[in-house]
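> When you get a sec, could you give me coordinates for this:
(one chain, ligands or ions: 2)
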Amino acid sequence: MRTYTEADDLQFKHCLSEMTNHPGIQRLKEIPQHKGGTTYAHCVNVACTAYDMAKKLQWDIDIEALVKGALLHDYYLYDTETMPYSDYRHSLVHPKLALANAEKLFELSGKERNIILSHMWPIPGAPLPLSKEAWLVSMADKVCAYREMHGRQQSASRP
Ligand SMILES: [Fe+2]
Ligand SMILES: [Fe+2]
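Residues are numbered from 1 along each chain as shown. Ligands and ions are numbered 1, 2, ... in the order given. This is a model prediction of the structure:
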């Protein structure tokens, strides 16, 4: 249980801008995702939505791990429209590809690795989210994907 303060919001914004300013994350602006959006916008939406959920639930979380996991959960770096395999195969393999790509650029904790690998839970083969941060990113990913696919959240709602 945690009562969120302005200092927490500032920490969230600081972590988010540290990640979004990284050239490796800027690269996601070139990857299309969800009907005219980009993977960059999707990942920022997921980070903001997951943080809002944590505040509503008053869950005591590691803000930095949440932001890093959210920004890297879809770091697979290709356009799904031109990929050489099916949507089903993509849904199974992209978390592992995202982790492999992310680890080339970022130092990740075990918790951050699990956030990335488990975000597609409960599809078959996806590992269980093992932390509050992983549950939040997995839930926020589904909410944001639905909104983006249905035109209610085309771009990042916050910087
Ligand atoms: Fe994903
Ligand atoms: Fe996603």
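> Spell out which residues of this protein are next to ligand 2.
Contacts of the chain with ligand 2, taken as C-beta under 5 Å from the ion, map to 74, 141. For the C-beta atoms, the positions are set from N, CA and C on the backbone; glycine is no exception.
> same thing but 8 Å
Residues of the chain lying close to ligand 2 by C-beta under 8 Å from the ion are 33, 39, 42-43, 46, 73-74, 119, 141, 144-145.
> list the helices and strands the helix or strand bottoming out on mean pLDDT in the chain packs on?
Every helix and strand of the chain was ranked by mean pLDDT, DSSP states H and E. The lowest is strand 32-33, at a mean of 90. For strand 32-33, the packing partners by 3 or more C-beta pairs under 8 Å, 6 or more residues apart in numbering; DSSP states H and E come out as helix 39-57.
> what comes up buried for the helix it packs on?
Within helix 39-57, the residues that count as buried by 16 or more other C-beta atoms under 10 Å are 39-55.
> and if you look at stretch 53-73?
Buried residues in stretch 53-73 (16+ other C-beta under 10 Å): 53-55, 59, 61-73.
> how long is it end to end?
End-to-end distance for stretch 53-73, by C-alpha to C-alpha, to the nearest Å: 17 Å.
> Stretch 21-31 too?
16 Å.
> If you average the pLDDT over it, what comes out?
Mean pLDDT, stretch 21-31: 97.
> could we number from 9 for the rest of this?
Shifting the count to begin at 9 puts that one at stretch 29-39.
> contact partners of that stretch?
The list of residues contacting stretch 29-39 from outside it, by C-beta atoms under 8 Å, 6 or more residues apart in numbering, reads 27-28, 46-48, 51, 79, 82-83, 85-87, 113-114.
> could you redo these as JSON lines and give each row distance to His102 and secondary structure?
Converted to JSON lines, those look like this (distance: C-beta to C-beta, whole Å; DSSP: H, G, I helix; E, B strand; the rest coil):
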{"residue": "Met27", "distance to His102": "19", "secondary structure": "helix"}
{"residue": "Thr28", "distance to His102": "21", "secondary structure": "helix"}
{"residue": "Thr46", "distance to His102": "16", "secondary structure": "strand"}
{"residue": "Thr47", "distance to His102": "11", "secondary structure": "helix"}
{"residue": "Tyr48", "distance to His102": "16", "secondary structure": "helix"}
{"residue": "Cys51", "distance to His102": "13", "secondary structure": "helix"}
{"residue": "Leu79", "distance to His102": "15", "secondary structure": "helix"}
{"residue": "Asp82", "distance to His102": "7", "secondary structure": "coil"}
{"residue": "Tyr83", "distance to His102": "9", "secondary structure": "coil"}
{"residue": "Leu85", "distance to His102": "10", "secondary structure": "coil"}
{"residue": "Tyr86", "distance to His102": "9", "secondary structure": "coil"}
{"residue": "Asp87", "distance to His102": "12", "secondary structure": "coil"}
{"residue": "Leu113", "distance to His102": "17", "secondary structure": "helix"}
{"residue": "Phe114", "distance to His102": "17", "secondary structure": "coil"}
